[in-house]
Every structure is written in structure tokens, then in C-alpha cells.
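Novice: give me coordinates for this.
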Amino acid sequence: MAINWIESEIIEHVRWTDVLASLKFKGDVLPYTAGQFTKVGLKIDGELISRPYSYVSSPNEDFLEIIYVNVPDGVLTPKLHDLKVGDKLFTMDKASGFFVMDEVPDGKNLWMLATGTGLGVFISLLKTSAPWERFDNIILVHGVRNHNELAYQEQISEFKKNNPSKFNYIQTVTRETKDDCLNLRIPAAIESKKLEELAGINITNDSQFMICGNPDMINDTVELLGKKGLERNRRSKPGNITLEKYW
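Specialist: Down below sits the predicted model:
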């Protein structure tokens, strides 16, 4: 399928850590749905090099946003990391993907499990009204290696402020000890029931899971949820687990 590229202008570049950063840019893209991804690229040595990134922004915002990790020996991300306000990058005019609320069956509790930059797609989804209208409780779980990778804290606090009775945010850090959060991988937190204890909510057939991030985390989590009777969500057979793998 041919890709139509549009030139977009950087309006903000936030560096959360030395390698974790987010880009906001302006571009005349086609309407998209929260949860979808785009590709962004730069011309490098005469070739347009691009990579897919989920939108962090929501469709009703007047900017586009992605979060990325700078891989020092990579081709694209070191160049992205050098971009300044006013610089240009290329964006697909049409977003893609099915990690959207319309693909998630109904339920009582929505668990959103993310590692690393997988958080970004959930920020986009939670900026919209759909999850809040459809579910009684929303539990956002973000797993990182180091505490300074816990991005978008102001936005998450806003979600809590606006939805105090139905939103629960759980952090988990695996490579250092931090107060007020778990120090376990997400699958270990499920297996030990620590996740349910912190959320104050049991994982049952009324639960819907959206999982995005590291494939090892996803695979281990799906296996554990399978032992609880939860199955992958497919169009041909609706289930409880909707996935987005990053590689």
C-alpha cells in the first residue's frame, strides 16, 4: 500500500530522560481514532527512513504527539533526538491500527497494562470519553526499569482528578526500589496477586485487558490470564485480552 507523506513542523520536544522523549508536531493528517499508530520519518542520506509510533495525542487535540526511545546506534532515533522546535519531519497522512476502543468488548473493569513507551497509546485513549463511559473502573499499570521513565505524570494526575472514583494508577519499577509503587514485573505482580490487591479489584470474566509494550511481558501476561480463564480477543471470537506488540 502506497504511503502518502506530509511534512510536519515540530512545536515541542520534551526529554523525559537522556533517551526517552516525546515530540509534538503540527500536520494536516486525516482524522484518526485514539489508539491508532502512524509512521514518522526523516530524509537521511537521500532516503526517507521511518518507524511506526502510536499517537499519544487524541483526535480532538490540535497537535500530534509521539513518545520514543533514542537508540544511540540507530538510524532514525538519533536524528529525531536532535530535532528542535521549527524543524520538520514527515508523517503518514493516514493512521492505522485496531488497538482502539471499538475493538474492545464490553466489561466492568478495564485494565490497561503498559511497559515503557507503550504508555503513550493509553494516554491517547484516556483523553477520549469512550473508556470512561463504558467501564466502571479503569486501572492503568505502567512498568518501567527506572523511576525517571514514569512519564506523563501531570496528565495522569488530571485523569485521577477528573475521575476519582473510577481511575486507579499503578506504577511498577524493576531496576530500583521506589516508594509508593511495585518493584515487580507486571506478570509477577499478577501472579502474586499484588496487582489486584493494590487496585482493590479482582481479575474476573468482567475484566477487559488492553496490553501494549514488551513482547515478553505480553506473552507472560497472556499466559497468566489464560490460567484465570481469560482469552485473546479476536474479531471472530470476542475475548478479554486485546494486544499491541511493539516489535
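
Novice: from here on, just use CA atoms for contacts and neighbour counts.
Specialist: Fine.

Novice: mind listing what's buried in the helix or strand of the chain with the lowest mean pLDDT?
Specialist: Least confident element among the helices and strands of the chain, by mean pLDDT, DSSP states H and E: strand 241-245 (a mean of 90). By neighbour count on 16 or more other Cα atoms under 10 Å, the buried set for strand 241-245 is 241-244.

Novice: could I get these as TSV with distance to Ser165?
Specialist: TSV is the format used below for those (distance: Cα to Cα, whole Å):
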residue	distance to Ser165
Ile241	24
Thr242	24
Leu243	26
Glu244	28
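
Novice: Leu76: what's its closest spatial neighbour, skipping adjacent residues?
Specialist: Distances taken as Cα to Cα, 6 or more residues apart in numbering put Ile49 closest to Leu76, at 6.5 Å, once the chain neighbours are dropped.

Novice: got the end-to-end distance for stretch 29-48?
Specialist: 18 Å (Cα to Cα, to the nearest Å).

Novice: buried set for that stretch?
Specialist: In stretch 29-48, counting by 16+ other Cα under 10 Å, buried: 29, 32-42.

Novice: now do the helices in this protein.
Specialist: In the chain, helices defined by DSSP state H lie at 77-81, 119-126, 130-134, 153-162, 186-191, 194-199, 215-227, listed in chain order.

Novice: to Arg15, which of the ones you listed lies closest?
Specialist: In terms of Cα to Cα, the element of the helices of the chain nearest to Arg15 is helix 77-81, at 8.7 Å.

Novice: picking up where we left off before, the residue nearest to Leu76 pairs with what?
Specialist: On the basis of DSSP bridges, Ile49 is bridged to Leu42.

Novice: next: Asn168.
Specialist: Ile139.

Novice: OK, contacts around it?
Specialist: By Cα atoms under 8 Å, 6 or more residues apart in numbering, the contact set of Asn168 is 137-140, 160, 199.
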